[in-house]
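1. Any chance you can model this:
(chains A and B)
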Amino acid sequence: MLCCICKEKEAKVHLTQIVNDKMQKVDLCEQCAKDKGVNDPAGFSLADLLLGLGAAQEMEQVPGGPELKCPHCGFSQADFKKAGRLGCAQCYTTFAEGLEGLLKSMHKGTRHLGKVPQVFQQSRDLSDKLKSLQKKLDKAVADEDFEQAAVVRDEIKVTKDKLGDVTAA
Amino acid sequence: MNIHDFLPPPSETSRREGPHNRIVLSSRVRLARNLKGLAFPGWAKKVERVKALELIRPAVESLPQLAGAFSESMDNLTVLDKNILVERHLISREHAAKSAGSGLVLNKEESLCVMINEEDHLRMQALRPGLQIKQAWSAIDQVDSRLEKKLDYAFSPELGYLTACPTNLGTGIRVSAMLHLPGLALAEQINQIIQAVNKLGLAVRGLYGEGTEALGNVFQVSNQMTLGESESEIVERLNKVLAQIIEHEENARSMLLEKKPKFVYNQIGRAYGVLANAHIISSKETMNQLSFMRLGVDLGLFTDLERWLVDELFIITQPAHLQRRYTEKLGAEERDLLRADMLRERLRQVSRPKPKAAASSASTEPDQGA
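-> Numbering: from 1, shown residues only, chains lettered A, B, ... in the order given. Reported below is the predicted structural model:
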């Protein structure tokens, strides 16, 4: 088995870590293990090592190849491989496909579940409201309660306008 | 204003008390944020970085939480100034390497510190003495909520706050505590603990964060994942793990005292001997020995030494702080002499450690020629 960092020497150090029932394995040669600080338990975290390795590997498989560039900032996949960081916020859209697997491997999930800026919170609340109103409308129509349907329809219009204002701001 | 006139003296900062500060030195919560439409600092051209700084700095300065804060562009700070800030854990080593186009805003209590154009446009952190992760999170959450009204954040409903490195994506939060674990180190249990903590998806690092040595038995424990989990869940999880580490450290200490009291007294006695009598001492050896002195204080072996004095020595014996006391440029060798002079002077009034209840330890463990 070859070392998964240098891909040259025989792997002598084998590490296994289980995070959330997912097993991750790394095989290293003595030199790379030393370079990565695997012999120094204090300075070493397997997750860091795995994340670093993952970043270089995952981005190679993206359609468009290393030439794919972010139209907003000119950052390329090759740059990501070198720096391990992205060029701008838009890069997350440009390289979305390539990043998916990477995000899965380093995080608990791929959907944000934390704090939301107030502006987004308002639009999130309004679109949730819109969805429930739509259901109410469908039900009213199905029940042939046209009086109720008219009321709900007006409410939908008001909510839509509000949502438009919020997203425009 | 000069940063040295602004920073409180270490004798004051080391006196700040917090819950569990026998073991937890400090708690920190950091948030990463970026502005919409501007390249991340590492990729942005200098003009763009300067533009971002000009947008962000006044917004941060105007926050009520940062009224009267120290605010400066990194190119106006000397290398020594920056190193002092690193030694106080206020800025990262990465930020210390920055110059024009990066900035720093720091409040008087050293409880809020905002780095501008570090890896992200904004790295804001709340710091608290002892174990106060929840309090730190709530403080920085409030700063962030005010700041989002003044600055246009790069945010996606799907991916959360967009950060330069995908490892910080989502909440952009890094919750961490700095722990002093001499008991686990002496009991040779520290590697097991580190491995167990790593398995829970948390990182354990040395004194100065990423890729640094655990000098003086000081370890930083922090969350690794930032996406797919809410801030409060992360805070909660870390709190639970920290409570367990504290318990393990306390257990290791009592176990050592019970089973190998001589071994513990020997470490502490030697630490005192070296620090109070050395004429040449490196900063690394100082920290490692001070760690055992601190343990000695915790175990009640020093009758006339308070913990804050040891904590102050932790800070003022470090290279940049030492250099700051002398006008002429010091080489590493000169620093080792001056450090030893300072330690001997400070410990002159401190009497040597006395094993508690020496009689009982002698009865359970016959004198082995000590």
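
2. Contacts for stretch A:113-124 next, please.
-> A:163, A:166-167, A:169, B:141, B:144-145, B:148-149, B:153, B:155, B:157, B:160, B:170-171, B:173, B:228-231, B:233 (C-beta atoms under 8 Å, 6 or more residues apart in numbering or on different chains). C-beta coordinates here come from the backbone N, C-alpha and C atoms, glycine included.

3. Name the next helix or strand downstream of the longest helix seen in chain A, please.
-> Taking DSSP state H as the criterion, chain A has its longest helix at helix A:118-142. Next along the chain after helix A:118-142, taking DSSP states H and E as the criterion, comes helix A:146-168.

4. Which elements pack onto that following helix?
-> Applying 3 or more C-beta pairs under 8 Å, 6 or more residues apart in numbering or on different chains; DSSP states H and E, one finds that helix A:146-168 contacts helix A:118-142.

5. orientation of the helix it packs on relative to helix A:146-168 in degrees?
-> With axes from the mean of the first three to the mean of the last three C-alpha atoms, to 10 degrees applied, the angle from helix A:118-142 to helix A:146-168 works out at 160 degrees.

6. Return the distance of helix A:118-142 from the chain's centre.
-> Helix A:118-142 has its C-alpha centroid displaced from the chain centroid by 26 Å (C-alpha atoms, centre = their mean, to the nearest Å).

7. Report how many residues lie close to B:Gly101.
-> Number of residues near B:Gly101 (other C-beta atoms under 10 Å in any protein chain shown) recorded here: 22.

8. same check, this time on B:Met342
-> B:Met342: 17 neighbours (other C-beta under 10 Å).

9. all strands of the stretch 101-250 of chain B, in order?
-> Along the stretch 101-250 of chain B, counting by DSSP state E, counting those that start in this stretch, strands occupy B:103-106, B:112-116, B:122-129, B:155-156, B:160-161, B:173-180, B:202-205, B:218-223.

10. is chain A contacted by the last one?
-> Yes: between strand B:218-223 and chain A, judged by C-beta under 8 Å from any C-beta of the partner chain, the touching residues are B:Phe219.

11. Check which helices and strands that strand sits against.
-> Judged by 3+ C-beta pairs under 8 Å, 6+ apart, the packing partners of strand B:218-223 are strand B:173-180, helix B:190-199, strand B:202-205, helix B:231-259.

12. strand partners of that strand, parallel vs antiparallel please.
-> strand B:173-180 (antiparallel), strand B:202-205 (antiparallel) (DSSP bridges).

13. can you tell me how far the residue positioned nearest the centre of chain B sits from B:Glu285?
-> Centroid-nearest residue in chain B: B:His89, 4.9 Å away (criterion: C-alpha atoms, centre = their mean). B:His89 is 21 Å from B:Glu285, where distance means C-beta to C-beta, to the nearest Å.

14. for the record, mean pLDDT for the longest helix of chain A?
-> Averaging pLDDT along helix A:118-142 gives 87.

15. picking up where we left off before, for the strands paired with strand B:218-223, give me TSV that also has mean pLDDT and mean neighbour count.
-> Putting those into TSV (pLDDT from 0 to 100; neighbours: other C-beta atoms under 10 Å in any protein chain shown) gives the following:
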stretch	mean pLDDT	mean neighbour count
strand B:173-180	96	24
strand B:202-205	90	24
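
16. Who are the contact partners of the residue of chain A found nearest chain B?
-> The nearest approach of chain A to chain B comes at A:Gly109, 2.2 Å away (C-beta to the nearest C-beta). Taking C-beta under 8 Å, 6+ apart, we find A:Gly109 in contact with B:Leu227, B:Gly228, B:Glu229.

17. Taking the residues you listed, please make a PyMOL selection of just the buried ones.
-> Entered in PyMOL, the line below selects the buried ones among these, by 16 or more other C-beta atoms under 10 Å in any protein chain shown:
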select buried, chain B and resi 227+228+229
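
18. Out of the contacts of A:Gly109, which comes closest to chain A?
-> B:Gly228 (2.2 Å).

19. Distance check, whichever residue of the stretch 51-200 of chain B sits closest to chain A against B:Pro166.
-> Nearest residue of the stretch 51-200 of chain B to chain A, counting by C-beta to the nearest C-beta: B:Gly160, 3.0 Å away. Per C-beta to C-beta, B:Gly160 is found 11 Å from B:Pro166.

20. just A:Cys6 next, same as before
-> A:Cys6 is 24 Å from B:Pro166, by C-beta to C-beta.

21. These two - which one has more neighbours?
-> Per other C-beta under 10 Å, whichever of A:Cys6 and B:Pro166 has more neighbours is B:Pro166, with 27 against 13.

22. so that one makes contact with A:Gly101?
-> No: assessed by C-beta atoms under 8 Å, B:Pro166 is found out of contact with A:Gly101, at 11.0 Å.

23. re earlier: give me the pLDDT value at the residue nearest to the centre of chain B.
-> So B:His89 comes in at 92 (pLDDT).

24. Assign it to helix, strand or coil.
-> The three-state label given to B:His89 by DSSP: H, G, I helix; E, B strand; the rest coil is coil.

25. before we move on, what about the one 5 residues further on?
-> Secondary structure, three-state DSSP: B:Glu94 is helix.

26. Now do the contacts for it.
-> B:Glu118, B:Glu119.

27. could you point out where the stretch 201-350 of chain B is predicted with low confidence?
-> Counting by pLDDT under 70, the stretch 201-350 of chain B contains low-confidence residues at B:208-213.

28. Tell me how far B:Leu295 lies from chain A.
-> 18 Å (C-beta to the nearest C-beta, to the nearest Å).
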